[in-house]
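1. would you be able to build a 3D model of this:
(2 chains)
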Amino acid sequence: MYAIEVENLTKRFGDLIAVDHVNFTVKKGEIFAFLGPNGAGKTTTINMLTTLLKPTEGRATVAGYDVVKEPSEVRKKIGIVFQDPSLDRELTAYENMYIHGKIYGYNGIKLKERINDLLKFVELERFKDKVVKTFSGGMARRLEIARALIHEPEILFLDEPTIGLDPHTRAHIWEYIKRMKKERDMTIFLTTHYMDEADQLADRIAIIDHGKIIAEGTADELKRLIGNDVVYLKFTNGMIECIKAEFIKDCKILPDGRIELGVENASEAIPKIFELSIQKSWKILEVSYHKPTLNDVFLYLTGREIREENGESFAILKTVARRRFR
Amino acid sequence: MNAFITLAYRQLKRFTRARSRVIGSFVNPIIWLIFFGLGWSEVFNFPMARQIFGGVDYLSFLAPGIVAMTIFNSSFISGISVIWDKQFGFLKEILVAPASRKAAIVGRIVGDSLTSLFQGTVILLLMFMIADSLKVSGIPFVLLIGFMLAVAFASFGVSLALRMTSMEGFQMIMSFLMLPLLFLSGAFYPIDTMPNWMQVLAHINPLTYAVDGSRYFLLGTSKFPITTDLSVLALLSIALLGIAMYSFERATIE
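-> Residues are numbered from 1 along each chain as shown, chains lettered A, B, ... in the order given. Predicted coordinates for the structure are as follows:
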């Protein structure tokens, strides 16, 4: 059975189609990432899946329940970390957790233990009696993750979990996400506009742009869409000709005199190229290689970089918003 | 039930956290009482004046109005501060929870009403030190009126805030609604001496009935029969609470 099944899900805001007939499924226990620039429809999709917005068209089931017909069943099964902070800033970390637990029907010692366990999990137990408005952006995010786990959700939604955070905190949060999947066997749906985040964390990735899913698969499958690793070579004494070997799939000579080789796996191919050069007594002046990134995939599919356009300025705005939150 | 208690708890907790706000909430009524009340009480210090104010001195006449004003201000602002929850995202946390939304919003409103009532009580006790014709036996009834008033305006504030999209509207409502409602409530001067058109407005102003009812229990004099005061307030608070519940049930984040 699938944790999330989505069929032709569509959301219109007036003339704007924010999400356009989207289809996908998320298997139980996997991390599924929605990768795309800001404004692609990621948050709108999350809002529909978490029952906060009604779809204009199409259908979605989460944990086996229809998001429109059985919203309260869905709400019981899911945990969410919103893109924008949703903590009560006037209350302490513990009180925020406590209120969440109470609303979800937890009580007494069991609730207390869960709160303390989870605060330990996100390394905030020292700060549990501090008022949230004194927290840094990273601490607030960690607290939100802990809070979303109190009621033991089957499916966790993370909307841009590391946006605006410093690299150290990002690495931390990635660690938590990996551990949640491993230790708690949780299904995780996350959205991101960071390539490396999707690459690092997700079992499967859907690339979304202008409200449509334009590609879907594992990171490797997506990268294979644009083909090979590429090795660039430059030899001394004017050796400019194509090298032939069974591991070399294609070969091109670039205008600057470098040779471009398409190979299955650059890390394995480079030593072979070295051996070959020694045999033929060619002298290598330069070697470099390029593995396709998800950024290349996005570029290949859409003709633009994921973070160009207003994506970048949006990200900056959000960072500012988050700073203000501190 | 959980959601009800939890949200009420949250509002009370927030109240105790915001010390500056608590102190600030007393400043306004005390300023009115001292500078307005003591100032005018000397002007009205002649026998005829007592007739205008229903047979009591001006400070005693003013006291129930100041209590009602305190509760009205505080509950209305707390209700409307749902807009802050919208702004800071906490509203989403509630909307996405499996708990009953109706219970949650009633919890919030009751929590806010209790804090408003607390502020009103402090002011009421202060009144007893300044004004001399107040009846101690009236206190519990005034608190009942105060609670109904608080529920009504906290609910009204919530419904308003859910329809507001920006913080700018907040200031507008404060200046265009709150002061006129106060002046048209009979808190500062009797309704009977108002120009006719103002009297009409005073009659449809819910605050009027809270002021009048409080006056009945604290001074023994009132313009309307006490049953009218109480039933208007009861009906109004139930109706506005119902509207707030309905609005919150249907709230989305669009």
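2. for the longest helix seen in chain B, name the packing helices and strands.
-> In terms of residue count, the longest helix belonging to chain B (DSSP state H) is helix B:101-130. In this structure, helix B:101-130 makes packing contacts with helix B:2-17, helix B:19-31, helix B:58-80, helix B:90-95, helix B:139-163, helix B:226-249, judged by 3 or more C-beta pairs under 8 Å, 6 or more residues apart in numbering or on different chains; DSSP states H and E. Heads up, the C-betas are built off the backbone N, CA and C, glycines and all.
3. how big is the angle separating that helix from helix B:226-249?
-> Counting by axes from the mean of the first three to the mean of the last three C-alpha atoms, to 10 degrees, helix B:101-130 lies at 140 degrees to helix B:226-249.
4. so where is the stretch 1-150 of chain A shaky, pLDDT-wise?
-> Judged by pLDDT under 70, the stretch 1-150 of chain A has no weakly predicted residues.
5. geometric centre of chain B: which residue is closest?
-> With the centre of chain B defined as its mean C-alpha position, the nearest residue by C-alpha atoms, centre = their mean is B:Phe72, 1.6 Å away.
6. go ahead and confirm it touches B:Phe153.
-> Yes: using C-beta atoms under 8 Å, B:Phe72 is in contact with B:Phe153, at 5.7 Å.
7. between the helices and strands packed on helix B:101-130, which gets nearest to A:Ala245?
-> Of all the helices and strands packed on helix B:101-130, it is helix B:90-95 that lies closest to A:Ala245, at 58.1 Å by C-beta to C-beta.
8. name the residues that touch the closest one?
-> Among residues not part of helix B:90-95, those counted as contacts by C-beta atoms under 8 Å, 6 or more residues apart in numbering or on different chains are A:52, A:82, A:86-88, A:100, A:103, B:7, B:82, B:85, B:101, B:104, B:251-253.
9. next, count neighbours for the closest residue to chain A within chain B.
-> Ranking the residues of chain B by distance to chain A (C-beta to the nearest C-beta) places B:Gly89 first, at 3.4 Å. Using other C-beta atoms under 10 Å in any protein chain shown as the criterion, B:Gly89 is surrounded by 19 other residues.
10. tell me the contacts of the nearest residue to it once chain neighbours are set aside?
-> By the measure of C-beta to C-beta, 6 or more residues apart in numbering or on different chains, the closest residue to B:Gly89 outside its immediate chain neighbours is A:Ser86, 3.4 Å from it. Shown in contact with A:Ser86 (C-beta under 8 Å, 6+ apart): A:144, B:88-93.
11. need the max-distance pair from those residues.
-> Distance extremes for the contacts of A:Ser86: the farthest pair is A:Glu144 and B:Leu91 at 14.7 Å, using C-beta to C-beta.
12. who's more crowded, the two?
-> Under the neighbour definition other C-beta under 10 Å, A:Glu144 and B:Leu91 were set side by side, and A:Glu144 has more, 25 against 20.
13. how near is that one to A:Ile80?
-> 9 Å (C-beta to C-beta, to the nearest Å).
14. starting at the chain centroid, how far to stretch B:81-101?
-> Distance of stretch B:81-101 from the chain centroid (C-alpha atoms, centre = their mean, to the nearest Å) equals 24 Å.
15. quick check: A:Lys102 touching A:Arg114?
-> No: between A:Lys102 and A:Arg114 no contact is recorded; they are 11.7 Å apart, counting by C-beta under 8 Å.
16. between the contacts of A:Ser86, which is closest to A:Ile208?
-> Using C-beta to C-beta, B:Lys92 comes nearest to A:Ile208 of those, at 21.7 Å.
17. just the pLDDT for the closest one.
-> Each residue has a pLDDT score; the one for B:Lys92 is 89.
18. what's the answer for A:Asn237, then?
-> 69.
19. do the same with B:Ile123
-> In this model, B:Ile123 is scored at 92, pLDDT.
20. who's in contact with the closest residue to it other than its chain neighbours?
-> Distance criterion C-beta to C-beta, 6+ apart; nearest residue to B:Ile123, sequence neighbours excluded, is B:Thr70 at 4.7 Å. With contact taken as C-beta under 8 Å, 6+ apart, B:Thr70 is in contact with B:25-26, B:28-29, B:116, B:119-120, B:123.
21. weed out the non-buried ones from those.
-> B:25, B:29, B:116, B:119-120, B:123 (16 or more other C-beta atoms under 10 Å in any protein chain shown).
22. need the max-distance pair from those residues.
-> Taking C-beta to C-beta, the two most distant members of these are B:Pro29 and B:Ser116; they sit 11.8 Å apart.
23. what are the buried residues along the worst-scoring helix or strand of chain B on mean pLDDT?
-> Every helix and strand in chain B was compared by mean pLDDT, DSSP states H and E; the lowest is helix B:168-173, with a mean of 76. Buried residues in helix B:168-173, defined by neighbour count with 16+ other C-beta under 10 Å: B:170, B:173.
24. list the contacts of it.
-> Residues beyond helix B:168-173 that count as contacts (C-beta under 8 Å, 6+ apart) turn out to be B:80, B:83, B:160, B:164.
25. again with stretch B:236-250
-> With C-beta under 8 Å, 6+ apart as the test, stretch B:236-250 has contacts from B:79, B:101-102, B:104-106, B:109, B:148-149, B:151-156, B:158-159, B:162-163, B:206, B:209.
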